[in-house]
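**Q** Build me a model:
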Amino acid sequence: MKYVIGVDGGGTKTEVIAYNSAGEQIACGYGGFANIIEDRQQGLDNIGMAISQCMENLNRSDCVHIYAGISGMEVGNNKEIIENYLTGRFNTSITVINDADLAFYALLKGEDGIITISGTGSVSFGFHKDKYFRAGGWGKILGDEGSGYDIALNGLKKVVSEIDDGLESSDLSKEILSYINVSNIYDMVEFVSNSNKTDIAAITPVIVKAAERNDENAVNILKVASKELANITVKVYKMLGFQSQVNICILGSILTKVSIIKENYIRYLSKEIKDFNIINECISSAKGSYYLAIKNREF
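**A** Numbers count the residues shown, from 1 in each chain. Below is the predicted model of the structure:
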């Protein structure tokens, strides 16, 4: 039985799914972060182990292609590094693309539209009449507006600003310090300096829970994230020149599972885009591999 494998490798976890020619899931595997910017060898090992787990009970010679959507692959020669690593481990055709591109194929099934993603990182991009445009997604230093990392960082900055302004620490600040198990600003600075993107983003649930009980500081942080995500979506929309209803896919735990962010994101969008349809399907980005295989006539 011929099958294709899709790898959805993000900044926090890796999901690998095998699909048969009917688009049915036949096996899966899971691993840690895949972004090799954080840690090259560990990221590569996470990808490789997840693929091996998925293929454990499958005939490897029946695999027609592995489409690996990996966060951060466009930086430097990361694409080549990942391709060489996977080619050395798996005897099949390998294509490495950005994880956001894989998600686009999964959700829009080859149609024109826009996809905006907010998980550990964030990005928005779209296709319209063979034209492509992207906004955001430039990493933790230059971009990732409205992402889990960005939300957590703004929470940490709130802790700092209260100290700089001579204010008593808010409930949110106390909860953040408690979560990272530090008691003062100096230890917090050390924590941030020694932490990777995933470690920082892990603070976000603390802020979300605070917002759900109407903590004003937390709500404001999430509203800012919503607006930033809407802004990058609108930039893509305007640059691509859509003239009729546009399908906008949303993906990632921040944008799809945090109700405050999702609701405000749609509200901000409606001020700039007259006619749009939100697509929020519960589908793995890995399924983009199936639509790519169909497009490339590999079945």
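
**Q** Residue 197 contacts residue 122, doesn't it?
**A** No: counting by Cβ atoms under 8 Å, residue 197 stays clear of residue 122, with 11.9 Å between them. Heads up, the C-betas are built off the backbone N, CA and C, glycines and all.

**Q** just checking, residue 26 touches residue 6?
**A** No: judged on Cβ under 8 Å, residue 26 makes no contact with residue 6 at a distance of 11.9 Å.

**Q** Now for these two: what residues contact both?
**A** 18, 19 (Cβ atoms under 8 Å, 6 or more residues apart in numbering).

**Q** If we ignore the residues flanking it in sequence, what's nearest residue 138?
**A** Closest residue in space to residue 138, ignoring its immediate chain neighbours: residue 144 at 7.1 Å, by Cβ to Cβ, 6 or more residues apart in numbering.

**Q** Same check on residue 268?
**A** Residue 268 sits nearest to residue 230 (Cβ to Cβ, 6+ apart), 3.6 Å away.

**Q** Next, the one you found: secondary structure please.
**A** Recorded secondary structure, residue 230: helix (DSSP: H, G, I helix; E, B strand; the rest coil).

**Q** let's have the chain start at 895 instead
**A** Right, with 895 as the first residue, what we last looked at is residue 1124.

**Q** ok, now which ones touch it?
**A** 1158, 1159, 1162, 1163, 1166.

**Q** From these, which land in helices?
**A** The members of these that map onto helices under DSSP state H are 1158, 1159, 1162, 1163, 1166.

**Q** Go through those and give me the one with the most neighbours.
**A** When neighbours are counted by other Cβ atoms under 10 Å, residue 1159 leads those with 27 neighbours.

**Q** nearest residue to that one other than its sequence neighbours?
**A** Per Cβ to Cβ, 6+ apart, closest to residue 1159 is residue 1120, 4.5 Å.

**Q** Is it correct that that neighbour is in contact with residue 1163?
**A** No: counting by Cβ under 8 Å, residue 1120 does not reach residue 1163; the two are 9.6 Å apart.

**Q** Residue 1111 is in contact with residue 1064, isn't it?
**A** Yes: counting by Cβ under 8 Å, residue 1064 is a contact partner of residue 1111 at 5.5 Å.

**Q** For residue 1061, grab the count of nearby residues.
**A** Residue 1061, neighbours per other Cβ under 10 Å, totals 10.

**Q** can you check residue 981 too?
**A** 14.

**Q** again, but for residue 1175
**A** Neighbours around residue 1175, by other Cβ under 10 Å: 12.

**Q** Same question for residue 1161.
**A** Around residue 1161 there are 13 residues (other Cβ under 10 Å).

**Q** OK, contacts around the closest residue to residue 1023 other than its chain neighbours?
**A** Nearest residue to residue 1023, sequence neighbours excluded (Cβ to Cβ, 6+ apart): residue 1006, at 7.0 Å. Taking Cβ under 8 Å, 6+ apart, we find residue 1006 in contact with 1020, 1021, 1022, 1023, 1140, 1141.

**Q** Tell me the confidence at residue 1006?
**A** Note on residue 1006: pLDDT of 87.

**Q** For residue 977, which three-state class applies?
**A** helix.

**Q** quick one: it from residue 993, how far?
**A** Separation of residue 977 from residue 993 (Cβ to Cβ, to the nearest Å): 15 Å.
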